[in-house]
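1. what shape does this take:
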Amino acid sequence: MTDAETTRIRVPDNRDGRTYVIDPDVAFAVDVALATGRPLLLRGEPGSGKSSLAAYVARERGWRYYEHVVTSRTAARDLLWTFDAVRRLADAQVRTPGERLDDTAYVEPGVLWWAFAPQDARRRGARATGSTAPLAVDPNPANADRSPTKAVVLIDEIDKADPDMPNGILVPLGSSEFEVTDVRTRVRHDANAGRGDVEHLIVITTNEERELPQAFLRRCVVTWLPEPTHEHLLRVAERYLRQYEGTFGRADRELADALAVEVIAARAQARQAGIRPPSTAEYLDTLRALRQLGGRIGDVDWRRLRSLTLVKVQQPER
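-> Prediction:
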């Protein structure tokens, strides 16, 4: 499959940043985060594009990109490294007498380790030249052609984690170094990259499901993604269709324009009803469905489609 063919595969939640349309205020927030060296905390509605910003910035700047989707079980250390103690125990039970296990073989670098010191991450922190640990593989193959000293990291949906988790990453984020206690080694910037040349952008998203610690908020640059406007939705539709369909003709523009009107109206109605308004992602879902099914706004199936993709919490109209 060629690169051109690959880019036209329709993926509902493609997070490669190809179709992201950045708001000027958000672009300024990115610059401020880089200038201050602070993480950028993105707040906004689900489906507003928070998770796509990091990949967009990495793609536009040619920086390496890593992401970690947080769950309720995520610990701060998971972003730094993990250690497979179960596999080590199993290997210890079957090793030959006198055989020494290399603990670095059981270390898996996390996204922050890859961002701070990729060469060290490949070695899994091994310092001895005689280490038998296999080299770790960068989790993002696209990074092979990107900057060796600059990276963007997405820590997605941090509000899902235990309340102690955000504070647990404050020190590594502030100092860009940490101790790998399982193998007693300290991770710092790669020795062959001058500290002044190293630059990272840490993007953290929240859906506001849980209040974040004040100590954590104080150390972040915080911005809200604005509500989608009619013009923004049109720009998103055009970029998406040109990227994945290879076209954005007159009929596409008219459909995207009419649908944007419906979405803006649906958002206003949702706010009045006290329910979650449809997002940019749901706008694209509806646009894809209309084009694929040959539907039109106002036709016989429009009300059913609207209840499936835009106003999901209400009973379908009959």
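
2. so which residues of the stretch 151-300 of the chain form strands?
-> Taking DSSP state E, counting those that start in this stretch, the strands of the stretch 151-300 of the chain run over residues 178-180, 185-187, 199-206, 221-224.

3. tell me the most buried of these?
-> strand 199-206 (a mean of 23; mean count of other C-beta atoms under 10 Å). For glycine as for every other residue, the C-beta is placed from the backbone atoms N, C-alpha and C.

4. rewinding a little: out of the strands of the stretch 151-300 of the chain, which is closest to residue 122?
-> The closest of the strands of the stretch 151-300 of the chain to residue 122 is strand 185-187. By C-beta to C-beta, the value is 12.2 Å.

5. and the contacts of the closest one?
-> With C-beta atoms under 8 Å, 6 or more residues apart in numbering as the test, strand 185-187 has contacts from 80, 113, 116-117, 120-121, 125-127, 177-180.

6. can you check stretch 154-162 too?
-> With C-beta under 8 Å, 6+ apart, stretch 154-162 has contacts from 39, 50-51, 54-55, 65-72, 74-75, 79, 111, 165-166, 169, 202-210, 212.

7. make a PyMOL selection of the buried ones in the residues you listed.
-> Listed next is the PyMOL selection for buried residues among the contacts of stretch 154-162, using 16 or more other C-beta atoms under 10 Å:
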select buried, resi 39+50+51+54+55+65+66+67+68+70+74+79+111+165+166+169+202+203+204+205+206+207+212
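
8. buried stuff in stretch 157-170?
-> Result for stretch 157-170 [16+ other C-beta under 10 Å]: buried residues 157-161, 165-166, 168-170.

9. same question but for stretch 254-273, I mixed them up
-> Quick answer for stretch 254-273 (16+ other C-beta under 10 Å): 255-256, 259-260, 262-264, 266-267, 270.

10. what does stretch 296-305 give?
-> So for stretch 296-305, counting by 16+ other C-beta under 10 Å, buried means 302, 305.

11. average pLDDT across it?
-> In this model, stretch 296-305 has an average pLDDT of 90.

12. isn't there a strand covering residue 78?
-> No - under DSSP: H, G, I helix; E, B strand; the rest coil, residue 78 falls outside any strand and is assigned helix.

13. output the buried residues of stretch 254-273 as a markdown table; include the columns distance to residue 304 and pLDDT.
-> As requested, the buried residues of stretch 254-273 are exported to a markdown table (distance: C-beta to C-beta, whole Å; pLDDT from 0 to 100):
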| residue | distance to residue 304 | pLDDT |
| --- | --- | --- |
| 255 | 18 | 95 |
| 256 | 20 | 96 |
| 259 | 15 | 96 |
| 260 | 20 | 96 |
| 262 | 14 | 94 |
| 263 | 17 | 95 |
| 264 | 21 | 95 |
| 266 | 15 | 92 |
| 267 | 20 | 93 |
| 270 | 18 | 88 |
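
14. which one among the residues you listed gets closest to residue 218?
-> residue 267 (32.1 Å).

15. quick one: residues contacting the closest residue to that closest one other than its chain neighbours.
-> Excluding the flanking residues, the one nearest residue 267 by C-beta to C-beta, 6 or more residues apart in numbering is residue 277, at 3.9 Å. Contacts for residue 277 (C-beta under 8 Å, 6+ apart) come out as 45, 266-268, 270-271.

16. of the strands of the stretch 151-300 of the chain, which is nearest residue 240?
-> Among the strands of the stretch 151-300 of the chain, strand 199-206 sits nearest to residue 240 (C-beta to C-beta), with 20.5 Å.

17. list of residues touching the closest one?
-> Contacts for strand 199-206 (C-beta under 8 Å, 6+ apart): 30, 33-34, 39-43, 50-51, 53-54, 57, 63, 112, 115-116, 149-159, 173, 176, 212, 220.

18. what about those residues, which are in helices?
-> 30, 33-34, 50-51, 53-54, 57, 112, 115-116, 173 (DSSP state H).

19. hang on, the earlier thing: how about the buried residues of stretch 254-273 in CSV, adding distance to residue 225?
-> Converted to CSV, the buried residues of stretch 254-273 look like this (distance: C-beta to C-beta, whole Å):
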residue, distance to residue 225
255, 25
256, 20
259, 20
260, 17
262, 21
263, 16
264, 16
266, 18
267, 14
270, 17
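
20. out of the ones in helices among the contacts of strand 199-206, the closest to residue 236 would be?
-> Once C-beta to C-beta is applied, the member of the ones in helices among the contacts of strand 199-206 that ends up nearest residue 236 is residue 53, at 13.2 Å.

21. tally of neighbours for the closest one?
-> Using other C-beta atoms under 10 Å, residue 53 has 29 neighbouring residues.

22. so who does it touch?
-> Residue 53 touches 17, 20, 22, 26, 30, 42, 203, counting by C-beta under 8 Å, 6+ apart.

23. from residue 114, how far off is the last one?
-> When distance is defined by C-beta to C-beta, to the nearest Å, residue 203 is 15 Å away from residue 114.

24. same deal with the first one?
-> According to C-beta to C-beta, residue 17 stands 18 Å off from residue 114.
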